[in-house]
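> Attaching a predicted model along with its sequence, questions to come.
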Amino acid sequence: MKHCPRCGTDKPLAAFSKAARYKDGRQPRCKDCVRAYREANRERIVAQQRQRYQDNREQINAQRREQYTGERRDRILAQNLASRERHREQIAAHQRAYAAEHREERAAYGRQYREANQEHCREASRRYRQANREALIARSRRYQAERQAASLQTADPDRQGQEWTGPEVGIAADTGLQTGEVATELGRTYYAVRSARSRYQLEVQRRRREAAPAAPDYPERTPAP
Ligand SMILES: [Zn+2]
């Protein structure tokens, strides 16, 4: 038994944490008292630790690097893994909340990264599409079928099989609108809008070709004198 001066109780030795720097190899105060103290002074302790780290950064990091080897390293890795396993749901919820809160920021960062690493991103995306070809096609089909089913709810039956009017094509040609949005707007089905858009694209390409015939990609031969 050992006496804790804090709570004034006698407790078995196991109720005191090990601490080599004390004569009996145990902390003077019992675990409950230490825990209560830490909880009551949490912010102050965290601030102190942060300050101590800032002041002795180099030394602390060097020490940690030195100690982080062999069995100790394995033990720490195993502990971290077990902790992540134990708090799996909590961590997932935290990550979801963080992602929702920083959506814009993350999107901006992604754009910036892709801009700065265009080659790498193009290659990575090509490899990804190649490796997941089947799944991506299936997902796209599922998505389109869902959009089509949704558009059937808002489609105007009188429009079925009707020619597209100029104003309708104008709305369909607006690249700022998604296909589903155009469908709702016009009372057409998703598939009808999709093919109207593709017809419109082909028409634009055809006109562009006619207006400016492609220049030959070889120098024109100068007639022999
Ligand atoms: Zn105590």
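It's in. Numbers count the residues shown, from 1 in each chain.
> Give me the distance between Ile137 and the ion.
In this structure, Ile137 and the ion are 66 Å apart, going by CB to the ion, to the nearest Å. Any C-beta I mention is one placed from the backbone N, CA and C, and that applies to glycine too.
> Same question for His102.
43 Å.
> Could you do Gln112 as well?
54 Å.
> so that residue is in which element?
helix 103-116 (DSSP states H and E).
> ok, now Ala145?
helix 133-154.
> Residues contacting that helix, please?
Arg129, Thr179, Gly180, Ala183, Thr184, Gly187, Arg188, Thr189, Tyr190, Tyr191, Val193, Arg194 (CB atoms under 8 Å, 6 or more residues apart in numbering).
> Excluding covalently adjacent residues, which one is nearest to the spatially most central residue of the chain?
Centroid-nearest residue in the chain, with CA atoms, centre = their mean: Ala99, separated by 6.7 Å. Excluding the flanking residues, the one nearest Ala99 by CB to CB, 6 or more residues apart in numbering is Arg106, at 6.9 Å.
> Quick check: the one you found vs Gln95, distance?
Distance, Arg106 to Gln95, by CB to CB, to the nearest Å: 12 Å.
> quick one: common contacting residues for those two?
With CB under 8 Å, 6+ apart applied, the contact sets of Arg106 and Gln95 do not overlap.
> And the strands in this structure?
Taking DSSP state E as the criterion, the chain carries its strands at 2-4, 9-11.
> Check whether the first one comes near the ion.
When you say that, I think you mean strand 2-4. Yes: under the criterion of CB under 5 Å from the ion, strand 2-4 makes contact with the ion via Cys4.
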